[in-house]
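Asks: give me coordinates for this.
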Amino acid sequence: MTRRPTPPALLLAALLTLPGPAAAGQEPPLSSLTLVGPPRTIFKAGRDACDGADVPDAPARAFRDAGGAVAMFGMHYRNRALRGPDLDHLKLDCAVVLESGEKSDPALYDDRSWITATWTEDGRAVAALLHHEYQANEHEGRCPAGTYMACWYNTITAAASGDGGRSFRRASPPAVVAAAPFRQEVDQGRHRGFFNPSNIVAQGRWRYMLASTTGWDRPGSDQDSGVCLFRTATPDDPTSWRAWTGAGFTAAFPDPYAARARLPDTCKPVAPFPAPVGAVVRHRGTGAFIAVFMAKAGGEFPQSGFYWTSSRDLLAWDKPRLLMAGATLYDDPCTAPEGLIAYPSLLDPSAEGRNFDDAGDTAILTYATLRTEGCRITSERDLLRRPVAIKVWP
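Replies: Residues are numbered from 1 along each chain as shown. Presented below is the predicted three-dimensional model:
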């Protein structure tokens, strides 16, 4: 199979220095997660790919369509779904549901897009959040620095499906969920914007997601870097998402290419996340929330690997604890001859919700393994799953 080179993975944004867990909340922990079985392969790149664009490159997101079948996303910017009757029997569908236009105009928000969250009430109409990267280094004259991280302009946009996730369409003009309050700058010098939304989780009438921001320093508007909590009652309306400010869910981050007169809003980052949140689920027995993410060894994190943390309200989280050790995408590949792990997510095959946003006392941890060659991360990536036991204290 001929495989085209894969660009740096979207979660390399965690090279940013984001807040550590020093501000974490409750002790003792609300929950305990334990791996209770060996890994099993869901997707193997050399065996199951349709073409060179098929590699796991985002945390797994799943929903049940109107007929009860499962669609799972989490692949590359040529977006395809794994499909099957349930989470235990998935196969990659080679039909592209959303293509990336790789367009040079940043105002179009159609360079490279990953489906990174979905929500559906009926299994037919599906709202999707897209991690959109304007990779200015790939477009002549848009970024003299010429390197990926120095030229990366990131926005969370939206797409919609009316056929149960068989195809998605972008709105015109573009549907912007969260953007920095400034346009792409040829001399920006570092990664900028909002990126890596978590899955969407329900609580009553509200739908929530966590998204990372690089922050900014602008006259009258200083935004700290970190992970912000967003909510909406209508996920099919991309403009309705609002972020937590410390006092309420009132911060909006609209398209900076559209006219804007007022002072930009800011959101208050939520501790203890040092990097984007892989997934968050609501425990059915107690209502508590459990989030998983990856972290590099250092500071409050004794080992590199996947961690979890718990919360009663999505704002105050307890101290992160190690779930699975291993060199992650944030570690130096030169020191990881056995490869890397990345993109953790939690999914309960018995979830009561159509969107797999709830979990009982068992679930599966899904994640990717990335083979390395010397100091290079290759496109040989597999998607794996491991069973997890969950205990949450009332």
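Asks: next up, the contacts around the closest residue to residue 48 other than its chain neighbours.
Replies: Computed as C-beta to C-beta, 6 or more residues apart in numbering, the closest residue to residue 48 that is not its neighbour in sequence is residue 92, at 5.3 Å. For every residue, glycine as well, the C-beta is placed using N, CA and C. Contact analysis of residue 92 by C-beta atoms under 8 Å, 6 or more residues apart in numbering lists 43, 48, 49, 50, 54, 75, 80, 81, 82.
Asks: partner residues bridging residue 92?
Replies: Bridge pairing for residue 92 (DSSP bridges) gives the partners residue 82.
Asks: could you shift the numbering so residue one becomes 201, and keep it that way?
Replies: Got it, the first residue is 201 from now on, which makes the last one we talked about residue 292.
Asks: what's around the spatially closest residue to residue 308 that is not a sequence neighbour, how many residues?
Replies: Setting aside the residues directly before and after it, residue 308 is nearest to residue 374 in space (C-beta to C-beta, 6+ apart), at 6.6 Å. Neighbours of residue 374 under the rule other C-beta atoms under 10 Å: 21.
Asks: ok, now which ones touch the spatially closest residue to residue 361 that is not a sequence neighbour?
Replies: Excluding the flanking residues, the one nearest residue 361 by C-beta to C-beta, 6+ apart is residue 326, at 4.1 Å. With contact set as C-beta under 8 Å, 6+ apart, residue 326 has these partners: 263, 318, 319, 320, 360, 361, 362, 364, 365, 368.
Asks: buried subset of those?
Replies: 263, 318, 319, 320, 360, 361, 364, 365, 368 (16 or more other C-beta atoms under 10 Å).
Asks: OK, contacts around the fourth one?
Replies: Residues counted as contacts of residue 320 (C-beta under 8 Å, 6+ apart) are 263, 265, 326, 327, 364, 365, 554, 555.
Asks: out of these, which one sits closest to residue 380?
Replies: residue 327 (22.3 Å; C-beta to C-beta).
Asks: hang on, isn't that closest one packed against residue 440?
Replies: No: using C-beta atoms under 8 Å, residue 327 is not in contact with residue 440, being 10.5 Å away.
Asks: which one of these two has more residues nearby?
Replies: residue 327 (23 against 15).
Asks: need the per-residue pLDDT for that one.
Replies: With respect to pLDDT, residue 327 has a value of 98.
Asks: quick one: it from residue 503, how far?
Replies: According to C-beta to C-beta, to the nearest Å, residue 327 and residue 503 sit 37 Å apart.
Asks: same deal with residue 365?
Replies: Distance from residue 365 to residue 503, by C-beta to C-beta: 37 Å.
Asks: also residue 527?
Replies: 10 Å.
Asks: returning to that earlier point: among the contacts of residue 292, name the ones in strands.
Replies: 243, 282 (DSSP state E).
Asks: what number of residues lie near the spatially closest residue to residue 560 that is not a sequence neighbour?
Replies: Leaving aside its chain neighbours, residue 560 sits nearest to residue 484 (5.2 Å; criterion: C-beta to C-beta, 6+ apart). Counted with other C-beta under 10 Å, residues neighbouring residue 484 total 18.
Asks: which residues does residue 484 contact?
Replies: 552, 558, 559, 560.
Asks: list the beta-bridge partners for the closest residue to the first one other than its chain neighbours.
Replies: The spatial neighbour of residue 552 that comes closest, neighbours along the chain excluded (C-beta to C-beta, 6+ apart), is residue 558 at 5.6 Å. Here residue 558 sits in beta bridges with residue 482, as judged by DSSP bridges.
Asks: ok, residue 558 to residue 317 distance?
Replies: 16 Å.
Asks: kindly report the same for residue 333.
Replies: Taken as C-beta to C-beta, the span from residue 333 to residue 317 is 16 Å.
Asks: with residue 238 instead?
Replies: 29 Å.
Asks: the two: which is more packed in?
Replies: residue 317 (30 against 8).
Asks: mind checking the SS state of the closest residue to the more buried one other than its chain neighbours?
Replies: Leaving aside its sequence neighbours, residue 317 sits nearest to residue 329 (C-beta to C-beta, 6+ apart; 3.9 Å). Following DSSP: H, G, I helix; E, B strand; the rest coil, residue 329 is assigned to strand.
Asks: just give me the neighbour total for residue 329.
Replies: Neighbours of residue 329 (other C-beta under 10 Å): 30.
Asks: same question, residue 237
Replies: Neighbour count of residue 237, defined by other C-beta under 10 Å: 11.
Asks: report the contact partners of the closest residue to it other than its chain neighbours.
Replies: By the measure of C-beta to C-beta, 6+ apart, the closest residue to residue 237 outside its immediate chain neighbours is residue 587, 4.1 Å from it. Contact analysis of residue 587 by C-beta under 8 Å, 6+ apart lists 235, 236, 237, 562, 563, 564, 565.
Asks: beta partners for residue 587?
Replies: residue 564.
Asks: can you pull the domain assignment for this structure?
Replies: According to automatic domain parsing, the chain comprises the domains 226-264+476-594, 297-397+399-473.
Asks: end-to-end on the last one?
Replies: In other words, domain 297-397+399-473. 31 Å (C-alpha to C-alpha, to the nearest Å).
Asks: hang on, the earlier thing: make a PyMOL selection of the buried ones in the contacts of residue 292.
Replies: With 16+ other C-beta under 10 Å as the criterion, this PyMOL line picks the buried residues out of those:
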select buried, resi 243+248+249+254+275+280+281+282
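Asks: just put the contacts of residue 292 in CSV and tack on pLDDT.
Replies: Shown next, in CSV, are these (pLDDT from 0 to 100):
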residue, pLDDT
243, 98
248, 96
249, 96
250, 96
254, 94
275, 96
280, 98
281, 98
282, 98
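Asks: pick the one among the contacts of residue 292 closest to residue 423.
Replies: When the contacts of residue 292 are compared against residue 423 (criterion: C-beta to C-beta), the nearest one is residue 275, at 30.7 Å.
Asks: packing partners for the least confident helix or strand in the chain by mean pLDDT?
Replies: None of the helices or strands of the chain scores lower by mean pLDDT, DSSP states H and E than strand 416-418, at a mean of 87. Helices and strands touching strand 416-418, by 3 or more C-beta pairs under 8 Å, 6 or more residues apart in numbering; DSSP states H and E, are strand 421-423.
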